[in-house]
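Asks: coordinates only, no sequence provided:
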Ligand code: TMP
């Protein structure tokens with residue numbers, strides 16, 4: 001992959017994670033532009049969502065009251081449809097798939113945040129992300145984790161638009177979610193790039209770029 005290309009049939013799957021208010025969105029769009037400038041086709045997508053069915057599930061899960069099991073099942077139902085309809089076909093075409101959140105969010109929010117059984121989540125992960133062509137589960141090639149102190153995130157969210165079911169939760173919830181991300185990183189260190197999201201936007205952007213450049217997926221000049 002020295003020329004920053006990937007063989008046909010082998011796309012690149014990058015997910016973006018962090019507690020609400022960590023500031024992922026601008027950088028996801030910036031990274032999409034950086035890959036497009038290299039001539040790569042980018043599939044820009046998000047979870048929960050990314051397909052007509054999964055977007056309907058997103059509206060339910062972000063707005064309607066439900067118990068944690070229901071919440072976890074809907075997240076994985078949305079993910080299943082998203083994988084089959086969008087992510088797997090895009091990777092098979094050789095696209096760069098940039099996904100705003102993936103399964104780490106379910107472990108962090110439903111598992112650590114809500115206290116839902118991590119073993120059950122692990123079983124759902126195996127069902128939903130199992131593949132016909134490999135013994136390995138489908139996981140991102142890289143997960144860029146925007147790590148931010150929950151109290152800083154809370155201050156950012158306080159000045160934002162009307163909050164959804166998650167954004168309106170107390171700072172203690174987000175402290176547990178942040179711990180969930182730490183644990184997921186510990187379980188799969190090579191897949192994660194942790195960056196300090198409590199910096200000026202330009203610094204955060206450099207950290208995003210260097211995570212991708214250091215893996216040989218964008219040229220070093222992207223950093224200058
Ligand atoms: P977003 O605001 O970053 O688009 O994410 C939507 C919300 O859904 C966010 O508060 C995190 C939450 N979420 C979960 O609780 N579990 C999940 O599996 C995913 C993907 C998102």
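Replies: In hand now; what should we look at? Please read these numbers as outputs of a predicted model, since none were measured by experiment.
Asks: what comes up buried for the longest helix anywhere in the chain?
Replies: The helix of greatest length in the chain, counted in residues with DSSP state H as the criterion, is given as helix 171-187. Applying a neighbour-count criterion of 16 or more other CB atoms under 10 Å, the buried positions in helix 171-187 are 173, 174, 175, 176, 177, 178, 180, 181, 184, 185. Backbone N, C-alpha and C define where each C-beta goes, glycine included.
Asks: ok, stretch 76-87 next?
Replies: Residues 76, 77, 78, 79, 80, 81, 82, 83, 86, 87 are the ones in stretch 76-87 that count as buried (16+ other CB under 10 Å).
Asks: other residues contacting it?
Replies: Taking CB atoms under 8 Å, 6 or more residues apart in numbering as the criterion, the residues outside stretch 76-87 that touch it are 13, 43, 45, 47-51, 53-54, 57-58, 61, 97, 99, 102-103, 106, 124-125, 127-129, 138.
Asks: what separates stretch 202-211 from the chain centre, distance-wise?
Replies: Put simply, stretch 202-211 sits 16 Å off its chain's centre (CA atoms, centre = their mean, to the nearest Å).
Asks: correction: stretch 206-221
Replies: The offset between the C-alpha centroid of stretch 206-221 and the centroid of the whole chain comes to 18 Å, using CA atoms, centre = their mean.
Asks: next, the distance between the ends of it.
Replies: For stretch 206-221, the first and last residues are 12 Å from each other (CA to CA, to the nearest Å).
Asks: show me the contacts for residue 194.
Replies: Applying CB under 8 Å, 6+ apart to residue 194 gives the contacts 145, 147, 185.
Asks: state the phi and psi torsions of it.
Replies: Note on residue 194: backbone dihedrals following degrees, to the nearest 10 are phi -90, psi 130.
Asks: now it, which residues is it bridged with?
Replies: When assigned by DSSP bridges, residue 194 has beta-bridge partners residue 145.
Asks: which strands and helices lie in contact with the longest helix of the chain?
Replies: Contacting helix 171-187 under the criterion 3 or more CB pairs under 8 Å, 6 or more residues apart in numbering; DSSP states H and E are the following elements: helix 103-105, strand 142-147, helix 150-158, strand 192-196.
Asks: most tightly surrounded among the ones you listed?
Replies: Highest mean neighbour count of the helices and strands packed on helix 171-187: helix 103-105, a mean of 26 (counted as mean count of other CB atoms under 10 Å).
Asks: check whether it comes near the ligand.
Replies: Yes - part of helix 103-105 sits near the ligand under the criterion CB under 6 Å from any ligand atom, namely residue 105.
Asks: elements contacting that helix?
Replies: Using 3+ CB pairs under 8 Å, 6+ apart as the contact criterion, the elements in contact with helix 103-105 are strand 12-17, helix 171-187.
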